[in-house]
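[1] this one's structure only:
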């Protein structure tokens, strides 16, 4: 945990200055589209709950509480989905393969999220609030993307197949693929705390948690006959969040900021995978048998800002 926290603060300290402008540019490009999507979601949820407000009033009158207040919603579960816009800081990428005398680092690889290009950025979650409605727990799955830029010129340090790596080269000149584009996937377990009920229907909350990175790795250097193209477990993830929830009768609309940090060690198997659980089972088998991935391992750390908006259905009061 000390390793993760140290890397988080290191990334923030070195990357915020040069990354903040990129964050704003990325959010500006996608902000309009996200706003339109979420306005449509709010309108749809409101129309779907047209009769739900009356049902809540009847339910609340039987319990002797005011409709919409936190006591009326205590001890409930919410199942939700969301869209979002990520920004991932540039990071160093290291590839180590002793069998081929390869050990090199690529400095400051810039990552693109392309949240509205298929496969899009999305997430799903299940949250359970306790009877007091002030504390809760949440399982959260996020599907983001991190794609390197082929035209970016970067610095290389180390050896490739026993020869010195070029001092500078474009990523596209050295790699056919360097991305986690079918998912910079993160599965986390989070604790939640409601800060305040700003109105009977609007509340603020915070949360934090940890879990695992389950990306779909796609890496292939020029000159390699096969790519690594499969789902993998690559390391731990930490997450922190703050959000606003607007409650209708049985649904909620929420907007949220998340910060995630993932510590990747990706085995370069030079294999094409299939389904998530099958790929993970094969990875476990290789680890159990002590087999080394033929392409070595890729090591990087991905720190991301994410702004999301979603709709959830509440039940179990």
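    Nice, thanks for sending it over. Owing to the predicted nature of the structure, the values given are computational and were not obtained by experimental measurement. Residues are numbered from 1 along each chain as shown.
[2] so where is the stretch 51-200 of the chain shaky, pLDDT-wise?
    Low-confidence segments of the stretch 51-200 of the chain, defined by pLDDT under 70: 51-74.
[3] need the next SSE after the strand ranked longest in the chain, C-terminal direction.
    When the chain is parsed with DSSP state E, its longest strand is strand 175-197. In the C-terminal direction, the helix or strand that comes right after strand 175-197 (DSSP states H and E) is strand 202-213.
[4] list the buried residues of that following strand.
    Within strand 202-213, the residues that count as buried by 16 or more other CB atoms under 10 Å are 203, 205, 207, 209, 211, 213. All C-beta spots, glycine's among them, are computed from the backbone N, C-alpha and C.
[5] which of those lies closest to residue 285?
    residue 213 (19.6 Å; CB to CB).
[6] for the closest residue to that closest one other than its chain neighbours, helix, strand, or coil?
    What sits nearest to residue 213 in space, not counting adjacent residues and going by CB to CB, 6 or more residues apart in numbering, is residue 262, at 4.4 Å. Here residue 262 is recorded as strand under DSSP: H, G, I helix; E, B strand; the rest coil.
[7] bridging residues for residue 262?
    Beta bridges link residue 262 to residue 237, residue 302, judged by DSSP bridges.
[8] and if you look at residue 257?
    Beta-bridge partners recorded for residue 257 (DSSP bridges): residue 242, residue 307.
[9] contacts only, for it.
    241-243, 305-308 (CB atoms under 8 Å, 6 or more residues apart in numbering).
[10] just put those in CSV and tack on neighbour count, distance to residue 281 and pLDDT.
    Converted to CSV, those look like this (neighbours: other CB atoms under 10 Å; distance: CB to CB, whole Å; pLDDT from 0 to 100):
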residue, neighbour count, distance to residue 281, pLDDT
241, 21, 31, 98
242, 14, 37, 97
243, 19, 35, 97
305, 18, 33, 97
306, 24, 29, 97
307, 20, 35, 97
308, 23, 31, 98
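[11] now these in JSON lines, with distance to residue 92?
    Formatted as JSON lines, the contacts of residue 257 follow (distance: CB to CB, whole Å):
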{"residue": "241", "distance to residue 92": "26"}
{"residue": "242", "distance to residue 92": "29"}
{"residue": "243", "distance to residue 92": "31"}
{"residue": "305", "distance to residue 92": "19"}
{"residue": "306", "distance to residue 92": "21"}
{"residue": "307", "distance to residue 92": "26"}
{"residue": "308", "distance to residue 92": "27"}
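[12] going by distance to residue 154, which of those wins?
    residue 305 (22.1 Å).
[13] nearest to residue 170, of the contacts of residue 257?
    Once CB to CB is applied, the member of the contacts of residue 257 that ends up nearest residue 170 is residue 305, at 26.5 Å.
[14] before we move on, the earlier item: neighbouring strands for the longest strand of the chain, and are they parallel or not?
    Every partner of strand 175-197, by DSSP bridges, with its direction: strand 135-148 (antiparallel), strand 202-213 (antiparallel), strand 216-221 (antiparallel).
[15] all the helices of the chain, in order from the start?
    2-48, 52-63, 70-73, 171-174, 276-289 (DSSP state H).
[16] now stretch 290-303: how far from the chain's centre is it?
    20 Å (CA atoms, centre = their mean, to the nearest Å).
[17] one more: stretch 144-163?
    23 Å.
[18] tell me which residues of it come out buried.
    Quick answer for stretch 144-163 (16+ other CB under 10 Å): 144-149, 152, 154, 156, 160.
[19] any chance of those in TSV, with distance to residue 299 too?
    Shown next, in TSV, are the buried residues of stretch 144-163 (distance: CB to CB, whole Å):
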residue	distance to residue 299
144	19
145	19
146	14
147	18
148	15
149	20
152	19
154	16
156	15
160	16
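[20] taking those, tell me the two that lie furthest apart.
    144 and 160 (29.2 Å).
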